[in-house]
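K.L.:
structure for this input, please:
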Amino acid sequence: MAVITLSDWTCGSNACLNPLLSSLFPHKPCHHPHLLPFAWSLASSTLSSLKLSFLPTDLSYILHGDVSLCHLHSIFHLLYPSFPSISPKSLSNFEKHGFTLLKHFGSLSPIRDFSSIPSFLPFTLQFPSHQYYLTRDWPHLSNWFSFLPLLLRTISLPDSSILLPPPHRKLLAEDCILTLSRTPTHSCTYAHPASHSHLITTDGSMLSIPKTGRKSVTFAVTANGNAFSTSLSTLKHNVNILHREAYAIVAASLLSLNHNSSHIISDHLNSVRLLLSQPSPLRLINHPARSLYQWILDIWSRSSNHIPTISHICAHTSANNIESNLNRLVDHLASSSQHLPLPPPSALLPSFFMDNHMLFSPTHGYIENSLPSFLDTLLATAQAATTTSYHEPIPPLNLFNQTPPPAYPYVKTPSAYSAVIQLYGQSGQLDSKLLLSHHLKDPYQLWCCFGCQSFEDPHHIFVHCPRFSSLQQSYTQ
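P.N.:
Got it, this is the predicted structure:
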């Protein structure tokens, strides 16, 4: 039902552009909000205010040509209004004769890697003489097909691999890891005891780049005398220690497919405990690295005859056994690869194990963990940063005096009660005569209630009012 509602909203009221892509394209308000459930309108407005989107993770139907040409043309005209377009009459003429889907006009070239965009190869169509209007419009339509790669690159942001079917993406991602493990440029050999050839060790490294604030994440794997390292730059911003360790176990699991009785050693205790518990899909539903762990379990399910075992090892110890020595080696390889002049190539985003639609943030990437807690955090941050959430009109922050305030008793105090008074006073909510006069619009309520010829504001009450002079003197002594 949700897919039907989204399709109706997209093509019926939003010119075929997905209304939940707020972070990638300008938000377009619905012309008929009464036709939508209130929850959908509220969700769209919230996503737009937080610059979030719900992105599809599978657009392979476009690669197969199972998409309406009118649908693609409507999106293109909305995103690129200055580019040449096809007249509605021409599209209608082709539709009347059964030319509706993209595959009726030609085919898209095969995609051989994750970053390439296919080009469109139109058929050589010939029409009978009584369909002269199709013969007339076909050259214009063929020329428009040259803009399809631009459109596909735009609607597949931020990861063009979603144009591939998920099984094909998984195969390419696994081949990429296995190829990197054998590439001399990014791998090395070491002396591995023959009696421990079944051991595969993993580790990761993460550094924060000071200038940009982004994280540089790498992981390394050693197996049977060969070691290699890889980065995780394609995972965008939402990478941390968990992702590097989980992806390293993915690589180790792939290498174990070629060995019997393999044993994976990791120093990430949480990952080891989770995998040993044989988690169900329901348990992983809110896990921040859900797609990686599902990938690991999928690889293990294909190892029916020799499922690898896994165990934890303490890192950075002085132990001299083979397991600890291999852990030190893989830790050194992961850390040193951060400083290479030519950084290691990146592993691929595991979108093939994500949901059909995923929440995406330009600053966080794909969000796999609990959506309510993530949205609550963003909403609280956005509410705290806006001046409309305060009761009093607050000028722009850059107009405030940056000089620290004087240490008056109502500004700096050790007692809890005075701290509450300080909070109300600094936020413009302490019920002084000046504040009440502002709220009630009464000019005769400004003066101090103790008979002073001064406006009653917090500074007057706590500093200048003679009624409290004895208390002020006792506090300063």
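K.L.:
distance check, Leu121 against Trp447.
P.N.:
85 Å (C-beta to C-beta, to the nearest Å). Where C-beta positions appear, they are placed from N, C-alpha and C, glycine not excepted.
K.L.:
I meant to write Val3 there.
P.N.:
Taking C-beta to C-beta, one finds Val3 at 66 Å from Trp447.
K.L.:
ok, Pro458 next?
P.N.:
15 Å.
K.L.:
again with Ser60
P.N.:
From Ser60 over to Trp447 (counting by C-beta to C-beta), the distance is 75 Å.
K.L.:
quick one: the strands in this protein?
P.N.:
Along the chain, the stretches classed as strands by DSSP state E are 53-56, 106-108, 120-122, 187-189, 199-208, 215-223, 226-231, 263-266, 309-312, 357-361, 365-367.
K.L.:
I'd like to know which elements the fifth one is packed against.
P.N.:
So the one you mean is strand 199-208. Applying 3 or more C-beta pairs under 8 Å, 6 or more residues apart in numbering; DSSP states H and E, we find strand 199-208 packed against strand 215-223, helix 241-256, strand 263-266, helix 322-336.
K.L.:
and His168, what does it touch?
P.N.:
Going by C-beta atoms under 8 Å, 6 or more residues apart in numbering, His168 touches Ser60.
K.L.:
per-residue confidence at it?
P.N.:
pLDDT for His168: 92.
K.L.:
ok, Ser92 next?
P.N.:
pLDDT at Ser92 comes out at 92.
K.L.:
residue contacts, it?
P.N.:
No contacts exist for Ser92 under C-beta under 8 Å, 6+ apart.
K.L.:
tell me how far the most centrally placed residue in the chain lies from Ser208.
P.N.:
Nearest residue to the geometric centre of the chain (C-alpha atoms, centre = their mean): Gly365, 1.7 Å. Distance, Gly365 to Ser208, using C-beta to C-beta: 16 Å.
K.L.:
same thing with Ile307?
P.N.:
37 Å.
K.L.:
higher neighbour count, these two?
P.N.:
Set Ile307 next to Ser208 and count neighbours by other C-beta atoms under 10 Å: Ile307 wins out with 15 against 9.
K.L.:
hmm, the more buried one is touching Leu297, no?
P.N.:
No. Under the criterion of C-beta atoms under 8 Å, Ile307 makes no contact with Leu297, lying 10.4 Å away.
K.L.:
could you list every residue that touches Ser208?
P.N.:
Counted by C-beta under 8 Å, 6+ apart, Ser208 has contacts 214-216.
K.L.:
just to revisit the earlier point, okay, Pro458 and Trp447: which has more neighbours?
P.N.:
Pro458 (20 against 15).
K.L.:
confidence-wise, which helix or strand of this structure is lowest on average?
P.N.:
Lowest mean confidence among the helices and strands of the chain (mean pLDDT, DSSP states H and E): helix 416-426, at a mean of 69.
K.L.:
contacting residues around Val221?
P.N.:
Going by C-beta under 8 Å, 6+ apart, the list of residues near Val221 reads 181, 200-202, 227-228, 248, 251-252, 255, 330.
K.L.:
most neighbours of all these, which one?
P.N.:
Thr202 (32 neighbours).
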